[in-house]
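Trainee: could you look at this predicted model? Sequence included:
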Amino acid sequence: MTSTTGQARTYPSRPYLAVSAAVFRDGRVLIVRRAQPPAHGLYTLPGGGVELGETLEQAVMREVREETGLDIEPVALAGYRQMIARDAAGRIERHFVILPFAARWLAGEVSLNAEVAEAKWLLPAEIGALNTTEGLAEIVAAAWQRIAG
C-alpha cells in the first residue's frame, strides 16, 4: 500500500484506512501483482492508504494513478475487507480496513511503479486461477455488478 507520507504502517497503534479499485475496461478488470509487503507476490487490486484531508474518491484516484499511471472514475463502493496480520509472537503487525471501489478506466496505459511487479487486464472469471489476496474474486464480482448494473 502506498504511503505518500513515508509513515511506517507496521505495528500500528490503530487500524489504517485504505482504498482499492476494481478498474474495468472493455469488460476486463485490472489486477496487479504486489512487488512489496504487504501482499508481496499476490495478485490484488491497485490501491493504498487514505491520506489526511482526502476524500475516499480522491484517494482511490491518486493511488491508482501512482501505482499504474491510469486515470479512473470511481463509481461505487463494492464492499469492504479487513486485513489483520500478526507476527510470530501474536502482536498485530498490520491492520488495514480496505474500501474497494468499482471504477471505470478513463485514460492512460499501464505504467507500473515500484510497488507493483505486474499488471493484467483479465475477465473476472479468470481471477480464480491466480494466487490472490483473500476475497478478491468476490470483490471483483460485486464491483462488476455495480459497473454493469
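Mentor: That came through fine.
Trainee: Arg91: how many residues sit nearby?
Mentor: The number of residues packed near Arg91 is 8, by other C-beta atoms under 10 Å. (Glycine included, C-beta is placed from N, CA and C.)
Trainee: average pLDDT for stretch 132-149?
Mentor: For stretch 132-149, mean pLDDT is 94.
Trainee: got the CA positions of it in CSV?
Mentor: Provided in CSV are the C-alpha atoms of stretch 132-149 (Å, rounded to 0.1, in the frame of the first residue of the first chain):
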residue,chain,number,x,y,z
THR,A,132,-4.7,-13.6,-4.9
THR,A,133,-5.4,-11.7,-1.7
GLU,A,134,-8.3,-13.1,0.3
GLY,A,135,-11.8,-12.4,-1.2
LEU,A,136,-10.5,-10.8,-4.4
ALA,A,137,-12.9,-12.7,-6.7
GLU,A,138,-15.9,-11.8,-4.6
ILE,A,139,-14.9,-8.1,-4.6
VAL,A,140,-14.4,-8.1,-8.3
ALA,A,141,-17.8,-9.7,-8.8
ALA,A,142,-19.5,-7.2,-6.6
ALA,A,143,-17.7,-4.3,-8.4
TRP,A,144,-18.8,-5.7,-11.8
GLN,A,145,-22.4,-5.7,-10.7
ARG,A,146,-22.1,-2.0,-9.8
ILE,A,147,-20.5,-1.2,-13.2
ALA,A,148,-22.7,-3.4,-15.4
GLY,A,149,-25.9,-2.8,-13.5
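Trainee: which residues does Gln82 bridge with?
Mentor: With DSSP bridges applied, Gln82 shows beta-bridge pairing to Val97.
Trainee: mind checking how far it is from Leu17?
Mentor: Gln82 sits at a distance of 11 Å from Leu17 (criterion: C-beta to C-beta, to the nearest Å).
Trainee: quick one: the helices in this structure?
Mentor: For the chain, applying DSSP state H gives helices covering 56-68, 136-148.
Trainee: what would the ones you listed look like in a markdown table with distance to Arg86 and mean neighbour count?
Mentor: Converted to a markdown table, these look like this (distance: least, C-beta to C-beta, whole Å; neighbours: other C-beta atoms under 10 Å):
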| stretch | distance to Arg86 | mean neighbour count |
| --- | --- | --- |
| helix 56-68 | 25 | 21 |
| helix 136-148 | 21 | 18 |
